[in-house]
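[1] output the structure for:
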Amino acid sequence: MKKALLAMTAILALGTTAACGGSKENGGASPSQSASDTPSSSPSASPEASKAAPTKVELKIFLGGLDRFREQFDGYFEKFAEKEKQEKNITVTFNSEYPGSDNAPQILKTRLATGDVPDIFSVHAVNELPAYYKAGYLADLSDQPLADKITDGIKPIVSADGKVLAVPMESLAWGYLYNKTIFKEQGLTPPTTLSEMKAVVQKLNDAKITPFELSYKESWIPQLFLPLTVGGLVNSTHTDFLDKMNKNEGSFADIQEMFDIIDLVNANGTKRAFETGNDDGSADFASGKAAMWVQGPWNADAILKVNDKFELGVAPLPISDDPKSTLINTSVSTSLATSPESKNKEVALDLLNFILDDQASNDLYQSLKFNPVSKNHTFKPYPWVEDASAYVSKGESYQDPTIPQAVKDESGKALQSYFDKKMTKDQVIKDLDKTWKDANANASK
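    A predicted model of the protein is given here:
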């Protein structure tokens, strides 16, 4: 009888709630701010949890440079909200920001420094993680289940002092992108030296095909020349360049041959470079307006959304006539972290673990067209990933060089001015030298 009375009471309570129209607290919220309010039906949810009023948590999420993946991330966060509601009776909503790559690092640094701390934020594993760790902005994730899932080759890149500090998203093997269809039609193969690249450019020009896509509206795109040229030279003919620069003993004049490939690309590219940003560049490239693009495979999703039949290739960028300097850049860029100061640390940790969920993360990473990063990822890599991996397996690669973020940021602006003939080669060299010295001084404080 007691059981029957309890069941009848529960039914009446549910009916009253439905008649009143339910909660209006989330009415009008944007997709990135909504969450599932469906009562738990999971067998794992305890009777006590299902009866208690749910705890409400709003996660502040800051994903710099990932606006092109907003749909995928927002959808995945909704799946997490459903899981958290079912398993812990926590109603999670999201206040998500997707600022652009050009200004996201500075915005995040300001937020962290002033105590306006996001619960989850993106950090560049190579460029930013060491400095953020030193400043105390990154929580130690070593005791979380996700730590044991990260593949052995990637774990050191998202770690410091033996501590796992971030969840890797984009594991990269990149150089430049090329249109395989155009290359096949013109009988071309990816060149291994600068002279061979010049021959490829000439053949494309003769066929009335623009060799390179130029999209310099956003400074982070011309900035990509910096890690590609420095990385290739440091791992072949100028092995001491980084050490000398970090000791204020070197100069970009020592590796000024880096401008050879930059000049070749700039002289053989699409028009209106300063009117073309990343999205427009992806659309132009997908439409066959250029055969090559000094860009990474992180744009694969944007390219294939425009043309799902596009045959994307990845190859190392030749920067000299020494084939030993024509190498693939391997790195981990976008990673997700949380701060020790997060006001919702428990839920933030749950979300970071869900990013590498054994089942759901396969679909997430595949939809983002990222490489596998977990030992439990089972999806097949995309063809362009296999292209790059073939070079890596032959030892024709290097780990992304550690260059101060300030130098990378400045190089993008300087190379925009160089293309626009507002700065000379010597002026760019002096500018980057000074920026590196300033970065050294700031790091020593």
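[2] residue contacts, the closest residue to A302 other than its chain neighbours?
    Spatial nearest neighbour of A302, chain neighbours left out: S282 (3.9 Å); criterion: C-beta to C-beta, 6 or more residues apart in numbering. For the C-beta atoms, the positions are set from N, CA and C on the backbone; glycine is no exception. By C-beta atoms under 8 Å, 6 or more residues apart in numbering, the contact list for S282 reads 299, 302-303, 306.
[3] redo the residues you listed as TSV? Include secondary structure, pLDDT and neighbour count.
    Below are these laid out as TSV (DSSP: H, G, I helix; E, B strand; the rest coil; pLDDT from 0 to 100; neighbours: other C-beta atoms under 10 Å):
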residue	secondary structure	pLDDT	neighbour count
N299	helix	93	21
A302	helix	92	18
I303	helix	96	25
V306	helix	97	14
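[4] what's the neighbour count on L351?
    24 (other C-beta atoms under 10 Å).
[5] distance check, the residue minimising distance to the centre of the chain against P168.
    Geometric centre of the chain, nearest residue: T334, 3.4 Å, by C-alpha atoms, centre = their mean. Separation of T334 from P168 (C-beta to C-beta, to the nearest Å) stands at 8 Å.
[6] what sits in contact with each of the two?
    Common contact partners of T334 and P168 (C-beta under 8 Å, 6+ apart): A125.
[7] before we move on, the earlier item: closest one of the contacts of S282 to V314?
    For these, the minimum distance to V314 (C-beta to C-beta) is 10.9 Å, reached by N299.
[8] so what's that closest one up against?
    Each residue near N299 by C-beta under 8 Å, 6+ apart is listed here: 68, 177, 278, 281-282, 285.
[9] could you look up the SS state of the residue nearest to A302?
    Under the three-state scheme (DSSP: H, G, I helix; E, B strand; the rest coil), S282 adopts helix.
[10] show the pLDDT at it.
    What the model reports as pLDDT for S282 is 97.
[11] next one: Q416
    Looking at Q416, its pLDDT stands at 98.
[12] tell me how many other residues crowd it.
    Q416: 20 surrounding residues under other C-beta under 10 Å.
[13] who touches the helix or strand where it lies?
    For Q416, the host element (DSSP states H and E) is helix 405-419. Applying C-beta under 8 Å, 6+ apart, the contact partners of helix 405-419 are 102, 105, 124, 127-128, 131, 214, 216, 219-223, 225-227, 262, 266, 273-274, 423-425, 427-428, 431-432, 435-436, 438-439, 442.
[14] average pLDDT for the helix or strand following that helix?
    Later in the chain than helix 405-419, the nearest helix or strand by DSSP H and E is helix 425-443. The pLDDT scores in helix 425-443 average 96.
[15] what packs against helix 425-443?
    On a contact count with 3 or more C-beta pairs under 8 Å, 6 or more residues apart in numbering; DSSP states H and E, helix 425-443 meets helix 405-419.
[16] now do the helix it packs on against helix 425-443, angle only.
    Helix 405-419 and helix 425-443 are oriented at 170 degrees to each other (axes from the mean of the first three to the mean of the last three C-alpha atoms, to 10 degrees).
[17] quick one: low-confidence parts of the stretch 151-300 of the chain?
    Residues of the stretch 151-300 of the chain meeting the criterion pLDDT under 70: none.
[18] and the helices in it?
    180-185, 194-206, 225-234, 241-246, 258-267, 278-286, 300-306 (DSSP state H, counting those that start in this stretch).
[19] most neighbours per residue, which of the ones you listed?
    Counting by mean count of other C-beta atoms under 10 Å, helix 225-234 has the highest mean neighbour count of these, with a mean of 24.
[20] what comes into contact with it?
    Helix 225-234 has contacts (C-beta under 8 Å, 6+ apart) with 175-176, 241-242, 255, 257-258, 261-262, 294, 316-317, 319-320, 325-327, 329, 331, 398, 400-401, 403, 407-408, 411-412, 415.
[21] flag every buried residue along stretch 378-391.
    Neighbour counts over stretch 378-391 (16 or more other C-beta atoms under 10 Å) mark 381-382, 384-385, 387-389, 391 as buried.
[22] can you redo these as JSON lines with secondary structure and pLDDT?
    JSON lines is the format used below for the buried residues of stretch 378-391 (DSSP: H, G, I helix; E, B strand; the rest coil; pLDDT from 0 to 100):
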{"residue": "P381", "secondary structure": "coil", "pLDDT": "84"}
{"residue": "Y382", "secondary structure": "coil", "pLDDT": "88"}
{"residue": "W384", "secondary structure": "helix", "pLDDT": "92"}
{"residue": "V385", "secondary structure": "helix", "pLDDT": "88"}
{"residue": "D387", "secondary structure": "helix", "pLDDT": "93"}
{"residue": "A388", "secondary structure": "helix", "pLDDT": "91"}
{"residue": "S389", "secondary structure": "helix", "pLDDT": "87"}
{"residue": "Y391", "secondary structure": "helix", "pLDDT": "93"}
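[23] between those, which is closest to Q72?
    Lowest distance from Q72 to the buried residues of stretch 378-391 (C-beta to C-beta) belongs to Y382, with 15.2 Å.
[24] and the nearest residue to that closest one once chain neighbours are set aside, what is it in contact with?
    Excluding its sequence neighbours, the residue lying closest to Y382 (C-beta to C-beta, 6+ apart) is K369, at 6.0 Å. When the contact criterion is C-beta under 8 Å, 6+ apart, the partners of K369 are 297, 300-301, 304, 382.
[25] closest one of those to K79?
    Taking C-beta to C-beta as the measure, K79 lies nearest D301 of the contacts of K369, at 18.8 Å.
[26] break the chain into its domains for me.
    In terms of domains, the chain is parsed into 31-37+50-170+333-356, 173-330+382-443 (source: automatic domain parsing).
[27] so which of those comes closest to S374?
    Proximity to S374 (C-beta to C-beta) singles out domain 31-37+50-170+333-356 among those, at 4.6 Å.
[28] and the closest one, how far from the chain's centre?
    13 Å (C-alpha atoms, centre = their mean, to the nearest Å).
[29] now do the strands in the stretch 51-200 of the chain.
    55-62, 90-97, 120-124, 159-160, 163-164, 167-168, 171-174, 176-179 (DSSP state E, counting those that start in this stretch).
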